[in-house]
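> Fold the following, please.
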Amino acid sequence: HWGFDLLLWLVLVKTWFLFSRREAIFTTLVSGILWQVAIAQYFVTMLRQPENIEAQMEALQAVPIPVQIFDIVLNATTVHVVANAMIMLLCLTILSERKSRQREAALAQEVELLAADLERTRIARDIHDSLGHTLMSLDVQLELAQRLYERGSDQVKPVLDTSKLLASQSIQEVRRSVATMRHN
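Modelled structure (predicted):
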């Protein structure tokens with residue numbers, strides 16, 4: 001009789017993972033009722049068998065058979081309800097833990113994506129701030145060199161030297177930004 005109880009409880013555990021909560025509760029209630037009816041029927045049959053006449057006589061003298069059957073069914077129902085409650089709570093805990101881990105994984109992935117976007121934004125801002133300023137200065141210097149050249153001035157050489165320096169700084173900024181992106 002305990003082997004069948006364990007089998008029933010294993011099946012009930014499976015229903016909590018396969019069915020919705022409503023279906024699992026319904027299945028648990030129906031199977032519990034059917035199981036208790038089967039136990040009552042088993043004991044009624046056992047107590048009425050001719051080979052159990054001696055046991056019946058003692059039972060009749062001590063406690064009536066319906067009271068014995070009621071006691072057996074009540075005890076079995078109590079054990080069944082407690083076991084089902086424990087199974088239900090265990091399964092709900094496991095399902096809740098599973099959902100929590102899935103939510104945690106989704107949030108971790110979202111944090112990773114947000115961190116990548118933040119890093120891209122930071123790099124774009126760095127490039128804009130440093131490289132943009134340097135290129136703007138280079139443009140002004142080259143325009144000045146162009147005007148000085150048109151006038152035939154001797155001051156073109158220092159302006160071109162400054163332009164060359166700004167171009168070198170721009171290249172270094174680009175390399176630094178690319179290295180930062182590769183590293184991250």
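> Count the residues that sit near L166.
20 (other C-beta atoms under 10 Å). The C-beta positions use only the backbone N, C-alpha and C, and glycine is treated the same way.
> Distance from the chain centre to the strand or helix carrying it, please.
Using DSSP states H and E, L166 maps to helix 156-183. Mean C-alpha position of helix 156-183 versus that of the full chain (C-alpha atoms, centre = their mean, to the nearest Å) differs by 48 Å.
> Stretch 34-49 now?
The answer for stretch 34-49 is 46 Å, by C-alpha atoms, centre = their mean.
> May I see the buried residues of it?
Buried residues in stretch 34-49, counting neighbours by 16 or more other C-beta atoms under 10 Å, are found at W35, Q36, I39, A40, F43, L47.
> now do stretch 78-86
Burial within stretch 78-86, assessed by neighbour count using 16+ other C-beta under 10 Å, is assigned to H80, A83, N84.
> could I get the buried residues of stretch 34-49 as a markdown table with pLDDT?
Below are the buried residues of stretch 34-49 laid out as a markdown table (pLDDT from 0 to 100):
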| residue | pLDDT |
| --- | --- |
| W35 | 81 |
| Q36 | 79 |
| I39 | 77 |
| A40 | 77 |
| F43 | 73 |
| L47 | 66 |
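> ok, so of those residues, who is nearest V174?
W35 (76.0 Å; C-beta to C-beta).
> ok, and the closest non-adjacent residue to the closest one?
The shortest distance from W35 to any non-neighbouring residue, by C-beta to C-beta, 6 or more residues apart in numbering, is to L8 (6.0 Å).
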